[in-house]
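Peer 1: Got a sequence here, can you build the structure:
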Amino acid sequence: MILDKIPALDDCVALATSPASLTAIHQPNCAATIWQRKPLPHFQNWIDKLPPDQLPKARMVLRPEAVCDALLDVTRQCGTPDCSERNLLIEDASALASIFASVMSSAYLRLRFDVINSNACRKFHVDAVTARLVCTYRGTGTQYGLSEDGHDPEQVMTVPLGSPIIMRGTGWPETPLSGLLHRSPPDC
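Peer 2: Residues are numbered from 1 along each chain as shown. Take a look at the predicted model:
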């Protein structure tokens, strides 16, 4: 396990090289952890060309072990083509759900698959949850930065495409909050 820090963000974002490294979120003063990985080229080509109306869209609360079956149903309902790339998407999202549930010791998850094509979440903020995992499969990744005074961060970083980030929310049992804010990129 190797963990590096991003010094420009005051050592509060850990870079993980494996799923096991995501547990760094529990270290004091670690506001977020990013699993550095790259999508498979054939998968990325497929999802980038998929019409937006065929991308999965869903919001539900469920046990981590139910995510795979739920996403099979969702992709069928959304008309996502039945192919090996769809299976990769379902398997990856299911694995991330399982990893997140394990890291957070959670029996239930709130699963959200969205197609962001507007400025729906353009303002920097902290989510009103204990923690959230976000993984962008298509487009520009989540942006984040530090703010000491509640204003937009001066230094803005972007999570690489396909790299999951776990971020602490306002419900995290540590005070004061780190000041790490995030948003969807404004170019959506």
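
Peer 1: list the contacts for the nearest residue to Leu180 once chain neighbours are set aside?
Peer 2: Closest residue in space to Leu180, ignoring its immediate chain neighbours: Ala31 at 3.8 Å, by CB to CB, 6 or more residues apart in numbering. All C-beta atoms are positioned from the backbone trio N, CA, C, and that covers glycine. Applying CB atoms under 8 Å, 6 or more residues apart in numbering to Ala31 gives the contacts Cys12, Val13, Met167, Arg168, Ser178, Gly179, Leu180.

Peer 1: Can you add distance to Trp35 and give the residues you listed back as TSV?
Peer 2: Output for these, formatted as TSV (distance: CB to CB, whole Å):
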residue	distance to Trp35
Cys12	16
Val13	12
Met167	13
Arg168	16
Ser178	19
Gly179	22
Leu180	17
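
Peer 1: any idea which of those is least confident?
Peer 2: Lowest pLDDT within the contacts of Ala31 is found at Ser178 (81).

Peer 1: nearest to Ser106, of the contacts of Ala31?
Peer 2: Arg168 (14.1 Å; CB to CB).

Peer 1: does the closest one really touch Ser178, like I thought?
Peer 2: Yes. Between Arg168 and Ser178 there is a contact under CB atoms under 8 Å: 6.7 Å.

Peer 1: Which one of those two is surrounded by more residues?
Peer 2: More crowded of Arg168 and Ser178, by other CB atoms under 10 Å: Arg168, with 24 against 21.

Peer 1: how close does the more buried one sit to Gly141?
Peer 2: 18 Å (CB to CB, to the nearest Å).

Peer 1: cool, and His151?
Peer 2: Distance from His151 to Gly141, by CB to CB: 22 Å.

Peer 1: The two: who's more crowded?
Peer 2: Between His151 and Gly141, counted using other CB under 10 Å, the more crowded position is Gly141 (21 against 9).

Peer 1: Please name the residues that touch the more buried one.
Peer 2: Per CB under 8 Å, 6+ apart, neighbours of Gly141: Thr158, Val159, Pro160, Leu161, Ser163, Pro185.
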